[in-house]
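Pasting the sequence and the predicted coordinates here, then a few questions.
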Amino acid sequence: MAAVASPQRERRESRPSNNTRHPTAPSVMSVNGHFANMGEKPSREQYEHGIQVINENQQFNPILPQYLSFEKVSPVGFNYHLISVFGSQSTGKSTLLNYLFGTEFGVMSEDDRRQTTKGIWMSKNKKLHSATDSKSMAENILVMDVEGTDGRERGEDQDFERKSALFALATSEVLIVNIWEHQVGLYQGANMGLLKVVFEVNLELFLKNSKSNPRSLLFFVIRDHLGTTPLANLRNTLIQDLTRIWSGLNKPPGLEKSKIEDYFDFAFAALPHKILQPERFVSEVARLGTRFREGHRDPRRDPLRGDQEFEGGIFLPEYHRRIPADGFSIYAEQVWEQIVNNKDLDLPTQQELMAQFRCDEIAREVLVGFDETIMPFEEKQAEGIRLGSQQIIPGLGAAMRTARMKTIKNFETEASRYHKGVYARKKAELESKIDGRLKVLFQGQLSAAHKSGVRDFSDAVTAAVKAGQKKGASYDFAEIVDREKKTALSKYEKEARGVLVEGAPWSNYKQEMSLYQKELGEVSGRLRRDEMRRLATRVERWVRSRLGESVGLEFNALGSGRGGSGAPDTGERESEREIWDRIWTVFMKTVDEAERRFTDRAKSFDASSGEVEVGLWRLKRKSWGVLRAKIEEEMMEGNLLLKLRENFEDKFRYDEAGVPRIWRPTDDIEGMYTKARESTLTLIPLLSRFQSSYTSSPPPLDEWIGNTPSEATPADEEDLTPIGGVDEDEGKSLEEEMTILSDAKRQDITTRFKKTADGVYVEAKRSAIGGMTQVPLYFYGLLLALGWNEIVAVLRNPVYFIFLILIGVGAYVTYTLNLWGPMYQMANAASAQALEEGKKRLREFLEESNAGRQAVAMSGQEDILMRKLNGNGKAKVRPGDEAEDEEEEI
Ligand SMILES: Nc1nc2c(ncn2[C@@H]2O[C@H](COP(=O)(O)OP(=O)(O)OP(=O)(O)O)[C@@H](O)[C@H]2O)c(=O)[nH]1
């Protein structure tokens, strides 16, 4: 056994030979049977010897996932292989694996033959692949070094043996059985015991799973093959032994007839003595190693009849346990837990559990990316809702679609390798989770689009109406509404379509769209009602101005010059009597015209017949109000008195032809006055009541306005003043409504009018007397008759006649030179001056003559006057003064 080893081999073997295995792997080491320092960051050194998956205390190493990640195995899905090596203790298993896969499992020192491998170790193939190797195959081979059976340390206890065999079978594709050549054929030997265990647990394990029964490859590596017995013989011996073991197995019911080939394929290889033929050993091991890295073996080859099996890959797809690499740790842990706790190892259940666990994990991972994209939008939307200013979020749809697609795709990539049912369920869960959140965003966006759409629609219609009004042109309201509605709908649809997420069950906006449409309809209805109201106001204004004018004219006609009492009971009187008929006719005409205008315009709004009916009803009521107000205004006391006076004056002071009368004392002023006054007085009762001159009944206001339309809302009735005879509830009768002047007022007006008429009469009387200063015509005739002689004398005398002609010529010249005015003024001034002078003279003369008369009178009165002067020379004027004086004298 002298060591003839290569330097490389020496290095490999010497490292762990200090008997302290894996000294540089603290985090995967078991300290007193427990895993420790697991939180440290993994390093190459740390995993130099791989990882102890199960320690000697049968504990599972929880940092296995880190190791697999570290070795970059986790993301490879199913693209990896797992090989376990079994065999008696210290049969060079670790040595074999190290040679085959470049691993650095601890190898027992030559001097101290103690068990070295404790529990189960795992390491990734480190052999660089050759040009012929399948790269991925070579890279992703995981090897498990299982604690040797038949261990002296554990005595005859087969417990761990069974557990590790179960674990290896549940996870590995290939089981390398490492035996010494001299052990072949030793049916009672440790190896056969091990194989028996393997077969038993295999049956136990796959009993429940017979449908998808995974096969395994038992790869016998015969060590220290001297070459004297050909491998074929050894193989036959082994196969015979295996068949015997199989047939001796206590098979569970239903599997009694099962054959060993149903579960296992076999491969055989023999290696020369490592110590005695080191170089051959190395070369043979190297050859053997290539088989593990060549990918798939030809499945058609009969495993039981092969030759020296150094050729061809060994991994068949059917060996694969179909555990995705990233789920291996959790699967292995669950399996181990079941094994350790002696529970029935139900692999499908374990796979399902693993699938659940992993799918949840994957879902969590993919949701991180989803959150990163979607959360900012969610926050934005939530803030909008909180502040009550929900806005359309730009770019939301694209983000939603990308996030959903990516999340689901990532999940699919990772999780689809797992149990189909679990995967499908978890995918649905994930979808419902993300769709739930996306739906909120979707609906939020739709609601924002709805709100802003309605707002914009209302604003746009209002603006268009205003612009139409400004231009003065008649605009078509219905057209505006229609156009803006189309714009609003297409905008909404665009926004809604923008947030559609393909594949999401909620991704349709039909219902929301119809709600939106409905609201647009309501808004346009409201806008139309506003517009109708505006129209009604416009028409009412028109009615007011028209009625103001025409009714005003009617009342003015009462006071205008129509001739007076000279034509009693003629057409004028008739026309006065018919004032209310005319007003009613004018009113009806005006309202008819207004109604026509209103209806025409309302039609262009697309207003319903009910709305038009309400509008017309309001218009009639309002119009009556306008008329009533106008009448009130005209019949205000001052106005009425003025009208009566004018009416009276017209009748009294103008003749039938409308010419003003000039009163003569001979005129029958009194008679005319009485007639005119009586005629005007008849107006007062006439004007007191709005009634037909023919039937003496009030106009049929109630019939004309009609009943309140059923579609009228309280808002429609809000600003309407109650009308007697129409609004029964108001307790005002039609009679009252038509009463313009109350009795008391009538009395008052009558009295006041009479006084005014009296004033006019007195004035007329006075003017009749004043008219007497005029020279009567006969006077001129008298003058001509009496002065005839003088006229003839002047015409016959040539001197007088020439003088007359000269005066005529002078007058003519003065006229042509337009000098009459100045001359008249001069003459006026001269005469005024002369008059003034004359007056002055006369005043002087009168003063003088008065002074003479006073002088004569003074002489007789002097003593009396003297006597009346007091001591101070002051005259005593008052009679009482005399007595005073007398007293003073006493
Ligand atoms: N004769 C012989 N000895 C070998 C061979 N391979 C390895 N050895 C020696 O056998 C001893 C045990 O080797 P290991 O590789 O530790 O054996 P093991 O089966 O892994 O041992 P445990 O892990 O303790 O079960 C070491 O001293 C090796 O040098 C071989 O092919 N022939």
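Thanks, I have the structure now.

quick one: Leu82 is in a strand?
Yes: with DSSP: H, G, I helix; E, B strand; the rest coil as the criterion, Leu82 is part of a strand.

That one contacts Leu142, correct?
Yes: between Leu82 and Leu142 a contact is recorded at 4.9 Å, counting by C-beta atoms under 8 Å. Using the backbone N, CA and C atoms, a C-beta is placed for each residue, glycine as well.

Quick one: check stretch 142-150 for contact with the ligand.
Yes: Stretch 142-150 comes into contact with the ligand (C-beta under 6 Å from any ligand atom), by way of Gly148.

Report the distance from that stretch to the chain centre.
Put simply, stretch 142-150 sits 68 Å off its chain's centre (C-alpha atoms, centre = their mean, to the nearest Å).

Ok, stretch 314-328 next?
Distance of stretch 314-328 from the chain centroid (C-alpha atoms, centre = their mean) equals 54 Å.

in it, what counts as buried?
Ile314, Phe315, Leu316, Tyr319, His320, Arg321, Ile323, Pro324, Ala325, Asp326, Gly327, Phe328 (16 or more other C-beta atoms under 10 Å).

What mean pLDDT does it get?
The pLDDT scores in stretch 314-328 average 83.

what does stretch 642-649 give?
Averaging pLDDT along stretch 642-649 yields 87.

So which residues lie in contact with that stretch, not counting its own?
Outside stretch 642-649, the residues that touch it by C-beta atoms under 8 Å, 6 or more residues apart in numbering are 555-556, 558-560, 634, 676-677, 679-680, 683-684, 749, 753, 756-757, 760.

Next step: those residues restricted to strands.
Nothing among the contacts of stretch 642-649 maps onto strands, per DSSP state E.

which residues touch the residue in the stretch 551-700 of the chain positioned nearest to the ligand?
Closest contact between the stretch 551-700 of the chain and the ligand, by C-beta to the nearest ligand atom, is at Asp606 (95.1 Å). Listed by C-beta under 8 Å, 6+ apart, the contact partners of Asp606 are Phe477, Ala478, Val481, Arg528.

Pull out the buried members of those residues.
By neighbour count, with 16+ other C-beta under 10 Å, these hold Phe477, Ala478, Val481, Arg528 as buried.

mind listing which of the residues you listed are in helices?
When those are checked against helices (DSSP state H), the matches are Phe477, Ala478, Val481, Arg528.

Excluding residues flanking it in the chain, which one is nearest Ser697?
In this structure, Ser697 finds its nearest non-sequential neighbour in Gln691, 6.1 Å apart by C-beta to C-beta, 6 or more residues apart in numbering.

quick one, phi psi at the one you found?
The phi and psi values for Gln691, taken as degrees, to the nearest 10, are phi -150, psi 160.

Would you agree it is in contact with Trp580?
Yes: under the criterion of C-beta under 8 Å, Gln691 makes contact with Trp580 at 5.9 Å.

domains of this protein?
The record's domain split for the chain, according to automatic domain parsing, is 81-321, 352-508, 536-771.

Am I right that Gln52 sits in a helix?
No: read with three-state DSSP, Gln52 is strand and lies in no helix.

Provide the secondary structure category for the residue of the stretch 201-350 of the chain at minimum distance from the ligand.
Closest to the ligand within the stretch 201-350 of the chain is Lys274: 3.2 Å, counting by C-beta to the nearest ligand atom. Secondary structure assignment for Lys274 (three-state DSSP): coil.

And for it, nearest residue in space, chain neighbours not counted?
Phe281 (4.5 Å).

Tell me the helix or strand right after the helix or strand that contains the one you found.
If you go by DSSP states H and E, Phe281 is part of helix 278-292. Next in sequence after helix 278-292, counting helices and strands by DSSP H and E, comes helix 328-340.

Would you agree Glu611 falls within a helix?
Yes: remark: Glu611 belongs to a helix, assigned using three-state DSSP.

show me what contacts His81?
Taking C-beta under 8 Å, 6+ apart as the criterion, His81 is in contact with Met137, Asn140, Ile141, Leu142, Glu173, Val174, Phe292, Phe315, His320.

mind running it again at 6 Å?
Contacts for His81 (C-beta atoms under 6 Å, 6 or more residues apart in numbering) come out as Ile141, Glu173, Phe315.

Ok, Phe101 next?
Phe101 is in contact with Asn125, Lys127, Val143, counting by C-beta under 6 Å, 6+ apart.

How much space separates it from Ile339?
Per C-beta to C-beta, to the nearest Å, Phe101 is found 25 Å from Ile339.

repeat for Ser416
Ser416 sits 28 Å away from Ile339, going by C-beta to C-beta.

Repeat that for Leu817.
Distance from Leu817 to Ile339, by C-beta to C-beta: 155 Å.

Can you mark which positions in stretch 492-504 are buried?
Buried residues in stretch 492-504, counted by 16+ other C-beta under 10 Å: Tyr492, Glu495, Ala496, Gly498, Val499, Val501, Ala504.

which one is the fifth one nearest to, not counting chain neighbours?
In this case it means Val499. Gly397 (4.1 Å).

Identify each buried residue in the helix or strand hosting the one you found, please.
Using DSSP H and E, Gly397 maps to helix 396-415. For helix 396-415, a neighbour-count test (16+ other C-beta under 10 Å) marks 396-397, 399-401, 403-404, 407-408, 410-411, 414-415 as buried.

Around the ligand, which positions in the stretch 251-400 of the chain sit nearby?
So the stretch 251-400 of the chain meets the ligand at His273, Lys274, Ile275 (C-beta under 6 Å from any ligand atom).

related to what we said a few turns ago, in PDB, could you pull the C-alpha coordinates for the helix holding Phe281?
C-alpha atoms of helix 278-292 as PDB (Å, rounded to 0.1, in the frame of the first residue of the first chain):
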ATOM      1  CA  PRO A 278      -1.800   4.700  -9.200                       C
ATOM      2  CA  GLU A 279      -1.300   5.900 -12.800                       C
ATOM      3  CA  ARG A 280      -3.800   3.400 -14.200                       C
ATOM      4  CA  PHE A 281      -6.100   4.400 -11.400                       C
ATOM      5  CA  VAL A 282      -5.900   8.000 -12.300                       C
ATOM      6  CA  SER A 283      -6.400   7.400 -16.000                       C
ATOM      7  CA  GLU A 284      -9.300   5.000 -15.500                       C
ATOM      8  CA  VAL A 285     -11.000   7.400 -13.000                       C
ATOM      9  CA  ALA A 286     -10.600  10.200 -15.600                       C
ATOM     10  CA  ARG A 287     -12.200   8.000 -18.200                       C
ATOM     11  CA  LEU A 288     -15.000   7.200 -15.900                       C
ATOM     12  CA  GLY A 289     -15.500  10.800 -15.000                       C
ATOM     13  CA  THR A 290     -16.200  11.800 -18.600                       C
ATOM     14  CA  ARG A 291     -19.300   9.600 -18.500                       C
ATOM     15  CA  PHE A 292     -20.800  11.800 -15.900                       C
END
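
Which stretches in the stretch 601-750 of the chain count as helices?
Remark: helices assigned in the stretch 601-750 of the chain by DSSP state H, counting those that start in this stretch are 609-634, 637-653, 669-681, 683-688, 701-705, 714-717, 734-738, 743-770.
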